[in-house]
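In: Starting from these lines, generate the structure:
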Amino acid sequence: MRGLFCCLLLISISCVASRVSAQDTKSLSALPPDGFTFAGNWDCVGAMHETRVHKAAFTGAVVIGGKWLELSEQDLEPAAGYIAKYLIGYDSQQKRLVEFDANNFGASVYTSNEGWQNRVLTMTSPVDQAGQSGFAANRFVYTIVGSDAFTVDWQISKTAALNWVTSDHLRCERSKTAQHN
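Out: Residues are numbered from 1 along each chain as shown. Next comes the predicted model:
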């Protein structure tokens, strides 16, 4: 009887452990919740440093087997020629979301261990210990604000203690016109 009890106890522990393990290894999705899609063209308006007008055209697509989100940005104002491609997806080795930011001024990598939380995705850079840029860390905060609208905030922290300040804010609405060049 004691042997049967021990056997049943081991089976129960094994079942619970495998369920917990399966939950731990569940991958985060780069695709937003509630059926929202970034696919298509977006007209974005906002401000840089709360003072300069910022207008941009975004294009979104779901790529790489329907698992990755691709966002392209082209600034219209200021007309400095900024263009970028952001690719967001799940890194199964690091078990977190990763964002590759390639733009005509440089490149960066951001990560998120949490994924989408309450229609908000926060992608954060590593802290710059060398102090080679004007800030210690930066991040993108994507917020779904409606079925055809989202905001994107670029925030910086000048210190490694991560005191976030919004450096750029855009509100994007699904474009009602043809795709931007």
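In: all strands for the protein, in order.
Out: Secondary structure of the chain by DSSP state E: the strands cover 40-48, 52-63, 68-77, 83-91, 96-103, 106-112, 120-124, 137-146, 149-157, 165-174.
In: ok and the fourth one relative to strand 52-63, angle-wise?
Out: Okay, so that is strand 83-91. With axes from the mean of the first three to the mean of the last three C-alpha atoms, to 10 degrees applied, the angle from strand 83-91 to strand 52-63 works out at 50 degrees.
In: average pLDDT across strand 83-91?
Out: Here strand 83-91 scores 97 as its mean pLDDT.
In: Point out the most buried one among the strands of the chain.
Out: strand 120-124 (a mean of 21; mean count of other C-beta atoms under 10 Å). To be clear about C-beta, it is placed using only N, CA and C from the backbone, and glycine gets the same treatment.
In: Distance from the chain centre to that strand, please.
Out: 5 Å (C-alpha atoms, centre = their mean, to the nearest Å).
In: contacts for that strand?
Out: The contact list for strand 120-124, computed with C-beta atoms under 8 Å, 6 or more residues apart in numbering, reads 32, 88, 97, 99, 110-112, 114-115, 137-144.
In: Repeat that for stretch 88-98.
Out: For stretch 88-98, contacts defined as C-beta under 8 Å, 6+ apart pick out 25, 27-30, 64, 67-71, 99, 109-113, 115, 121, 123.
In: What count of nearby residues applies to the residue lying closest to residue 156 once chain neighbours are set aside?
Out: Computed as C-beta to C-beta, 6 or more residues apart in numbering, the closest residue to residue 156 that is not its neighbour in sequence is residue 135, at 4.0 Å. Other residues near residue 135 number 16, with proximity taken as other C-beta atoms under 10 Å.
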